[in-house]
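> Dropping a prediction and its sequence here:
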Amino acid sequence: MNGGNGIAIDVKGLTKSFGGREVVHDLSMQVKRGSIYGFLGPNGSGKTTTIRILCGLLTPDSGEGTCLGYDIRRDAEKIKRQVGYMTQRFSLYQDLSVRENLEFVARLYGLRDARGAARDMIKRIGLSGREEQLAGELSGGWKQRLALGACTLPSPKLLLLDEPTAGVDPKARRDFWNEIHALAADGLTVLVSTHYMDEAERCHEIAYIAYGHLLVHGTVDEVIAKSALTTYTVTGEDLNELTAALTGKPGIDMVAPFGTSLHVSGRDVAALEASIAPWREKSGLHWHKSSPSLEDVFIELMSRSKDNFQ
Amino acid sequence: MSAVDRHEPQHAIRERFGFWRRSYAMLIKEFIQLKRDRVSFAMIVMLPVMQLLLFGYAINTTPHNLPSAVLLQEDSDLARSILKALENTAYFRFLYEVHDVEDFDNLLKSGKVLFGVEIPRGFERAVRRGDKPALLVAADATDPVAASAAIGSLGMVVQTALKHDLYIGDPPEMPFEIRAHARYNPAAASSLNIVPGLVGTILTMTMLIFTALSVTREVERGTMEALLSMPIRPVEVMFGKIIPYVLVGFVQAFLIIGIGVGLFGVPVLGNLFLLALLSTLFITTNLAIGYTISTLVQNQLQAMQMSMMFFLPSILLSGFMFPFAGMPAWAQYVGECLPLTHYLRIVRAIMLKGASMQNLRFDALALAMLMLLAMTIAVTRFRRTLD
């Protein structure tokens, strides 16, 4: 079904425009079966559009590919049966109870015992005792569990999660990610979009997308290595003054404060070091060379892509 | 969140009867939502009852206790007995008896009375001679419906009064030209005509709005995105959304006809089963049209406006408000495209005339075709994607 190559998603050259504005541009990606693939990028970068194309909710203007071995243009109905899609906005019925929502999904997918399946899922996602509560009355964290429960109920082979942890507290987020890893260990492929760097680091592979362009992909280490970014971390006094002095100097692509320290990054090591040389010996400032964080890489990518595409 | 138990057997998926299964899933969901929406639920009962009572009692086009005056220019026995007869009908209530033309005119002009009867000098003698004297009837025609109905009934009443007073021989010679003729409805009771018409009008209004909002509501609440990502087909969504309301419409029709029979004494001369069958067809047609509207519009406000766009001509051009035969040809053509026109013929014919399927086959066929047309448009218009 997947051609035996262990690839769950394989698309090439996806393009999609809305009202003359290109939202996704020539996007190609491959996601391995059983892996957790993180989708990162600023708001409005085309993450949601890409996910919707993958599950058949949108038709691409051009490009082709397969999802679980099915053609994304022709076999949308077959893809829908095996894909669980968790929308960014809570999209279950607010005026139905937890149990009724799950039973609805179970019936729609034709599960033999809809009531039993719903009951089991309620237990699994830890919503026992809240079966009869209306979905609209649940808190954000509970809603998110219910939504995940609903899209895993028909035992899909691929999960598409669109910013599933937005507005959820850290504890619930950690639990959620444990669940995602457990599902992936079961053989489920998970594509998840997120803004959180700690979540990106929990993915097997990540892709960074900005203004519809997929800029970089690979494992976290690969992405950092590909950035070819050199970062110096500075601690000390008068960091604001330093920020103002360094911004825009040759070789310095980015100056970003991180708490009490400052990250100074650039791709051209020689130019970077030349520019910071006058400040290296200044008293009260401590410099040390470090590897850039994922966030440094993404912020640098974002500022660079803005120059290129806007 | 507890980790998923990886070894739990997965629930088997049935592949057979997918169409019915998915429609059923949708149907159950719609029923629960309807049950939760208490206001809508109350409206199902309140709307027909309120409309029926309003139309049945308050908006009665048959005159009742019309404030009236009489200009008596002759104090004869015949004049007295005509007045007595008029008062006994309860149509008129004589508030004033005047002997001067000017007083009579002022009463009418000021609106103190809506109706005036003038009995001229020498009236009794003229009747005896067979001269067909004029009985002047002055009506405030600012409300033409009330006025014409009152004039119509006046003619009959006066004839009856004269008959009783034996001034006319047998066979009676009609002393007045005023003619009133109301077939199937001898008392000209408007409720007899209005109750069957109301069944159709109320059903059009409620059915249309219930389904016109259904798809747009899903889009506006964001649930459409999840629904479209699941393996359900447009036809299944449509059936799931229409069928619960067929039952609702049935309850409403039953309620209106029940009240009509119980409270207003409207007869059901025809076959009840035929009435139920054709009513179901009409209900489904309206639901299909409402559903079509919901696939054409962007939001719930537009859906309401478009429903009104459909509802107004339905009321005006179907023969509910104005006689169908009296409309110009173009209006009749428009009327023939409206389900209410056909249903009004059906429901009035079955209830008041005892018509059979044979009599009504054209209208039933028209309803069925309108229903299929609406469903076809709805299914093709339903967006399977978010494009």
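Great, that's in hand.
> check contacts around residue 100.
Using chain A here. A:93, B:29, B:32 (C-beta atoms under 8 Å, 6 or more residues apart in numbering or on different chains). Bear in mind the C-beta positions are built from the backbone N, C-alpha and C, glycine included.
> Hmm, no, I was thinking of chain B.
Applying C-beta under 8 Å, 6+ apart, we find B:D100 in contact with B:L71.
> per-residue pLDDT, it?
Note on B:D100: pLDDT of 85.
> what's the distance between it and chain A?
Per C-beta to the nearest C-beta, to the nearest Å, B:D100 is found 71 Å from chain A.
> quick revisit: which of the contacts of A:E100 ranks first by neighbour count?
Scoring the contacts of A:E100 on neighbours with other C-beta atoms under 10 Å in any protein chain shown, the highest-scoring entry is B:K29 at 25 neighbours.
> these two touch, right, that one and A:A106?
No - contact criterion C-beta atoms under 8 Å: B:K29 and A:A106 do not qualify, at 11.7 Å.
> on that earlier part again, next, format the contacts of A:E100 as JSON lines and append secondary structure, pLDDT and distance to B:K84.
Listed next are those as JSON lines, based on DSSP: H, G, I helix; E, B strand; the rest coil; pLDDT from 0 to 100; distance: C-beta to C-beta, whole Å:
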{"residue": "A:Y93", "secondary structure": "coil", "pLDDT": "96", "distance to B:K84": "69"}
{"residue": "B:K29", "secondary structure": "helix", "pLDDT": "93", "distance to B:K84": "67"}
{"residue": "B:I32", "secondary structure": "helix", "pLDDT": "92", "distance to B:K84": "64"}
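> where does the stretch 201-310 of chain A dip in pLDDT?
Under the criterion pLDDT under 70, the flagged ranges of the stretch 201-310 of chain A are A:306-310.
> Pick out the residue of it closest to chain B.
Closest contact between the stretch 201-310 of chain A and chain B, by C-beta to the nearest C-beta, is at A:R202 (15.1 Å).
> Over to the stretch 1-150 of chain A?
A:R107 (3.4 Å).
> Is that residue located within a helix, as I assumed?
Yes - judged by DSSP: H, G, I helix; E, B strand; the rest coil, A:R107 forms part of a helix.
> Name the residues of the helix or strand harbouring A:A270 that come out as buried.
Assigned by DSSP states H and E, A:A270 belongs to helix A:269-280. Across helix A:269-280, burial judged by 16 or more other C-beta atoms under 10 Å in any protein chain shown covers A:272, A:275-276, A:279.
> Say whether chain A is contacted by stretch B:287-302.
No - residues of stretch B:287-302 are not located near chain A by C-beta under 8 Å from any C-beta of the partner chain, the shortest gap being 14.9 Å.
> residues contacting B:Q302?
B:T216.
> Name the SS class of it, please.
Recorded secondary structure, B:Q302: helix (three-state DSSP).
> Check what pLDDT it gets.
Looking at B:Q302, the pLDDT reads 92.
> and what of B:L166?
pLDDT at B:L166 comes out at 48.
> Same question for B:D140.
On the pLDDT scale, B:D140 is placed at 66.
> Any idea how far stretch B:70-84 is from the middle of the chain?
41 Å (C-alpha atoms, centre = their mean, to the nearest Å).
> burial count for B:E218?
Using other C-beta under 10 Å, B:E218 has 20 neighbouring residues.
> Kindly report the same for A:V24.
Neighbours of A:V24 (other C-beta under 10 Å): 27.
> Can you classify it as helix, strand or coil?
strand.
> what bridges to it?
A:K16 (DSSP bridges).
> That one touches A:V11, doesn't it?
No - the criterion here is C-beta under 8 Å, and A:V24 misses it with A:V11 at 10.3 Å.
> can you list residues touching both of the two?
Between them, A:V24 and A:V11 share the contacting residues A:I53, judged by C-beta under 8 Å, 6+ apart.
> related to what we said a few turns ago, please enumerate residues in contact with the helix holding A:A270?
A:230, A:232, A:242, A:245-246, A:249-252, A:264-266, A:285, A:287.
> element containing residue 102, please.
Picking chain A for this. helix A:98-108.
> Correction: the question concerned chain B.
Going by DSSP H and E, B:E102 is part of helix B:101-110.
> Strand partners (parallel or antiparallel) of the helix or strand just after that helix?
Next in sequence after helix B:101-110, counting helices and strands by DSSP H and E, comes strand B:115-119. Strands adjacent to strand B:115-119 in the sheet, as given by DSSP bridges, are strand B:66-72 (parallel), strand B:136-139 (antiparallel).
> so of those, which one's packed in deepest?
strand B:66-72 (a mean of 22; mean count of other C-beta atoms under 10 Å in any protein chain shown).
> Following element in sequence after it, please.
According to DSSP H and E, the helix or strand after strand B:66-72 is helix B:77-88.
> Using CSV, write down the CA coordinates of that following helix.
Output in CSV follows, covering the C-alpha atoms of helix B:77-88 (Å, rounded to 0.1, in the frame of the first residue of the first chain):
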residue,chain,number,x,y,z
ASP,B,77,-93.0,46.4,11.5
LEU,B,78,-90.9,45.2,8.5
ALA,B,79,-88.1,47.6,9.4
ARG,B,80,-88.1,46.5,13.0
SER,B,81,-88.0,42.8,12.1
ILE,B,82,-85.1,43.4,9.7
LEU,B,83,-83.1,45.1,12.4
LYS,B,84,-84.0,42.3,14.9
ALA,B,85,-82.8,39.7,12.4
LEU,B,86,-79.6,41.5,11.8
GLU,B,87,-78.9,41.9,15.5
ASN,B,88,-79.6,38.2,16.1
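> What's the mean pLDDT across it?
Mean predicted confidence for helix B:77-88 is 78.
> cool, stretch B:214-229 as well?
90.
> Residue of chain B closest to chain A, please.
B:A25 (3.4 Å).
> so what's that residue up against?
Counted by C-beta under 8 Å, 6+ apart, B:A25 has contacts A:104, A:107-108, A:114, B:232, B:240.
> Which pLDDT value goes with it?
At B:A25, pLDDT is 93.
> tell me the secondary structure for it?
With three-state DSSP as the basis, B:A25 sits in helix.
> what does the stretch 201-350 of chain B put close to chain A?
Counting by C-beta under 8 Å from any C-beta, the residues of the stretch 201-350 of chain B near chain A are B:221-226, B:228-233.
> Next, work out how far apart the residue nearest to the spatial centre of chain A and B:G200 are.
In chain A, the C-alpha nearest the mean C-alpha coordinate belongs to A:S193, at 2.2 Å (C-alpha atoms, centre = their mean). Taking C-beta to C-beta, to the nearest Å as the measure, A:S193 falls 52 Å from B:G200.
> Can you report how many residues neighbour B:S214?
Using other C-beta under 10 Å: B:S214 sits among 25 other residues.
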